[in-house]
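**Student:** Structure, please.
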Amino acid sequence: LSCQVSLATAVPTEAWLDLSLGGKPMVRIHDPEAGTSHSILAMGMRAESTYTITAHVRALEGASEGRAESSFTTGTLPPEVVVPVVTLNGPTDQKAPWTFTGLIDMSLAGMRPSAVTMLDSEGKPVWYSLGVIPGMFIELTTDANKLFVASPMPFEVTLNSETSWMNPDFMPRGTSFGQNPDVTEGDIHHDMHALPNGNLALLRYHVRGDVVGDHLQELKRDGEVVWEWNSLDHLPYGAAKGDVHHGNALTVNVEEGWALYSAAAMNLVVKIDMATGEILWRLGATGDFTFAPGQEVNWFAHQHSPTILPNGELLLFDNNGDENRSHVRQYAIDEDSRVVEQVWQWPPRGSEIDFYTDRMGSALVLPNGNVQVCAAMFKDGTLQGSRVFEVTRAGSILSQFNFPAPYILYRSTVGVPGHLELL
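**Tutor:** Coordinates of the predicted model:
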């Protein structure tokens, strides 16, 4: 779904490509480097489609410009790329960021992935990479020129599908402990991110006899530990055995010096002072907050993907706070008075939307203010496929991408890669 376009000019120029389909402008791609020689990856095209590619150059000195036009027909998608069944309930925004998916085929031994894929606003694949390690999700790096693949061994891949970074020391060790045959001391699990400072934030299993907790870590790329916090040293577990906290999400804010940890087994979201290790607060039914007077109590259970938004509110995916119903919930948090207020939920109160998954799930706020919800649909332990959908703040579903079983999607993310501009 891409091709390399090479340009040569007699004088130093800036250069860009315009990609159009059926006369409709779709994508503009800039070369970040000026010069007399340009090589630009034309990407973001749909399969089996003929695009007009217009190359533009503009001299750095003077006002001279030039252009050349050609066409490119994309090939068919390989079988590993799973195309979702798409439902659109109205016009889509072509400029909306693409959705990144890392589907895993549960029917194959070892949960091998199908492909790492980008989908445009209409659910059409516009980029993919094959043969990668199973990933829980993918996201753009800070400079948007590479993809960070969050997997049991994290790595980065360029937009040309070349592996640009991997550290074999992060490889799963494959040794089980005690009564937890699926848990290995030190193995990465559930969540990891590439931080703006170049480091990694991740969760690792920590085993003490028959009890399993979590190491929360900030690491350099060579594996050196910059910061660490152990859930077994700070959160209670009594006489429980097994995965007593079941951490499934971690956010590290290096600039402000805090970390946010989801302890799903305790139905708690925990904010941590990274400098002291002190727990700043615990949000949940057994935590430090009460609901505002007169407001209905709406706690969560077995939550996923808690995120502190720019306005200080917290968004999360609530798997089972309301028995056999899942929700996305947004809370306003007063850290001083320890009062919390639910300011939004989806599905809305009184809705007849049948929405439930007893595991996995994510939610994020899109640039237009709507919310993208991702759910690997499990019910009574049975996989029913995965869905990604955009919902308005009023509660309506604008679009829905359905992936049939046996494919699961742990989390979806969005972005516009590289030096692309959606037209």
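**Student:** Low-confidence regions, this protein specifically.
**Tutor:** Residues of the chain meeting the criterion pLDDT under 70: 108-114, 131-136, 171-182, 378-379, 381.
**Student:** And the helices in it?
**Tutor:** Ranges of helices in the chain, per DSSP state H, are 231-234.
**Student:** in it, what residue sits furthest out from the centroid?
**Tutor:** The outermost residue of the chain relative to its centre, with distances by Cα atoms, centre = their mean, is Gly62 at 43.9 Å.
**Student:** residue contacts, it?
**Tutor:** By Cβ atoms under 8 Å, 6 or more residues apart in numbering, the contact list for Gly62 is empty. Every residue, glycine included, has its C-beta placed from N, CA and C.
**Student:** how close does it sit to Pro12?
**Tutor:** Gly62 sits 11 Å away from Pro12, going by Cβ to Cβ, to the nearest Å.
**Student:** Leu232 too?
**Tutor:** 59 Å.
**Student:** Could you check which of the two has the larger neighbour count?
**Tutor:** Neighbours were counted for Leu232 and for Pro12 using other Cβ atoms under 10 Å; Leu232 has more, 17 against 13.
**Student:** If the residue lying closest to that one once chain neighbours are set aside is in a bridge, with which residues?
**Tutor:** Sequence neighbours aside, Gly213 is the residue nearest to Leu232 in space, at 3.6 Å (criterion: Cβ to Cβ, 6 or more residues apart in numbering). Beta bridges link Gly213 to His206 when assigned by DSSP bridges.
**Student:** quick one: Gly213 and Val244 touch, right?
**Tutor:** Yes - look at Gly213 against Val244 with Cβ atoms under 8 Å: they come within range, at 6.4 Å.
**Student:** got a list of contacts for stretch 281-296?
**Tutor:** So stretch 281-296 is in contact with 266-271, 297-300, 314, 331, 333, 335, 338-342, going by Cβ under 8 Å, 6+ apart.
**Student:** Buried only: go through these for me.
**Tutor:** Neighbour counting by 16 or more other Cβ atoms under 10 Å classes 266-271, 298-300, 314, 331, 333, 340-342 among the contacts of stretch 281-296 as buried.
**Student:** and which of those residues is nearest to Phe355?
**Tutor:** Nearest to Phe355 out of the buried ones among the contacts of stretch 281-296 is Phe300 (Cβ to Cβ; 14.3 Å).
**Student:** okay but that closest one is in contact with Leu314, surely?
**Tutor:** No - judged on Cβ under 8 Å, Phe300 makes no contact with Leu314 at a distance of 10.3 Å.
**Student:** What sits closest to Phe401 if chain neighbours are left out?
**Tutor:** In space, Phe401 is closest to Pro84, 3.8 Å off (Cβ to Cβ, 6+ apart).
**Student:** Now do the phi/psi pair for the one you found.
**Tutor:** phi -70, psi 160 (degrees, to the nearest 10).
**Student:** burial count for it?
**Tutor:** 24.
**Student:** OK, contacts around it?
**Tutor:** Contacts of Pro84 by Cβ under 8 Å, 6+ apart are Leu119, Gly123, Val388, Phe401, Asn402, Phe403.
**Student:** how close does the third one get to Asn370?
**Tutor:** As judged by Cβ to Cβ, Val388 and Asn370 stand 13 Å apart.
**Student:** thinking again about what came up before, okay, and which of the contacts of stretch 281-296 map to strands?
**Tutor:** In strands, judged by DSSP state E, the following of the contacts of stretch 281-296 are found: Leu268, Val269, Val270, Lys271, Leu314, Tyr331, Ile333, Val339, Val340, Glu341, Gln342.
**Student:** shouldn't the last one be in contact with Asn298?
**Tutor:** What that stands for is Gln342. Yes - between Gln342 and Asn298 there is a contact at 4.7 Å, judged by Cβ under 8 Å.
**Student:** Pull up the overlap in contacts between those two.
**Tutor:** With Cβ under 8 Å, 6+ apart, Gln342 and Asn298 have common neighbours Phe291, Arg329.
**Student:** and the closest residue to Arg28 other than its chain neighbours, how many residues sit next to it?
**Tutor:** Distances taken as Cβ to Cβ, 6+ apart put Glu421 closest to Arg28, at 4.2 Å, once the chain neighbours are dropped. Glu421: 13 surrounding residues under other Cβ under 10 Å.
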